[in-house]
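Enquirer: Need coordinates for the following:
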Amino acid sequence: MGREFLGLFEEWADSYDDSVAGIDPQYRAVFADYDKILKEVCKCSFGHVLEFGVGTGNLSAKLMEFGYKVTGVEPSAAMRKKASEKLPELELYEGDFLNYPALSDMVHTIVSTYAFHHLTDLEKEEAVRKFAGLLYPTGKIVFADTVFKSEEQKEQVTREALEQGYNDLAADLKREYYTTIPELRGIFTANGFHVTFEQMNSFVWLIAAVKK
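Expert: Next comes the predicted model:
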């Protein structure tokens, strides 16, 4: 359920904002147009927004600037501390994509950035199935995450990272559960969503799924 990566995020909390700013050349392409990507997620959202994987609160801050009510869920204590320091008004809970506090009401939009790949494909399917029950009719899921057109493309990108000496990036691509567009399309469609994909940079796609 993604908790196997929790230690990485406890260590990453202090430098996460530097990483998304493109300071580390290995991840510069992954976080290219980071601010634009967050804004696009906000533009696709509406109403009461439930965010998974809040991290240091960058997306939460923008969602609140857009005037949305935001409820956040984050498994890392160190990340929650950073987010709460930035946004003391944010309603923030300990949890992850599969295990989170019961909500008092349904929500209009479920969002996440750079986090859904922490779940295996089976866990992704379980999460989306549960999300369908959290959303109002015509509610939306809006994710931005690294996704590949095919397994062959993922293998090619991993090889290229190694050739460039980007060993940390290559290890990350091998270790975590990055999936493909056909796999995600099948998951969302099977659970009653119409889903679209828009490429935002060479790694990240905007995934917008509307409840049928």
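Enquirer: hey, let's count contacts and neighbours off CA atoms from now on
Expert: Will do.
Enquirer: quick check, Val73 in a strand?
Expert: Yes: under DSSP: H, G, I helix; E, B strand; the rest coil, Val73 sits within a strand.
Enquirer: Just confirm it contacts Val49, I think it does.
Expert: No: at 11.1 Å, Val73 does not count as touching Val49 under the criterion of C-alpha atoms under 8 Å.
Enquirer: Spell out the secondary structure type for the nearest residue to Phe116 once chain neighbours are set aside.
Expert: Nearest residue to Phe116, sequence neighbours excluded (C-alpha to C-alpha, 6 or more residues apart in numbering): Asp145, at 6.7 Å. Secondary structure for Asp145, judged by three-state DSSP, is strand.
Enquirer: ok, Asp145 to Arg175 distance?
Expert: 16 Å (C-alpha to C-alpha, to the nearest Å).
Enquirer: neighbour count winner among those two?
Expert: Asp145 (22 against 11; other C-alpha atoms under 10 Å).
Enquirer: quick one: the helices in the chain?
Expert: Assigned by DSSP state H, the helices in the chain fall at 6-12, 16-20, 34-44, 58-65, 77-86, 121-134, 151-163, 167-175, 181-190.
Enquirer: quick one: least confident helix or strand in the protein?
Expert: helix 6-12 (a mean of 63; mean pLDDT, DSSP states H and E).
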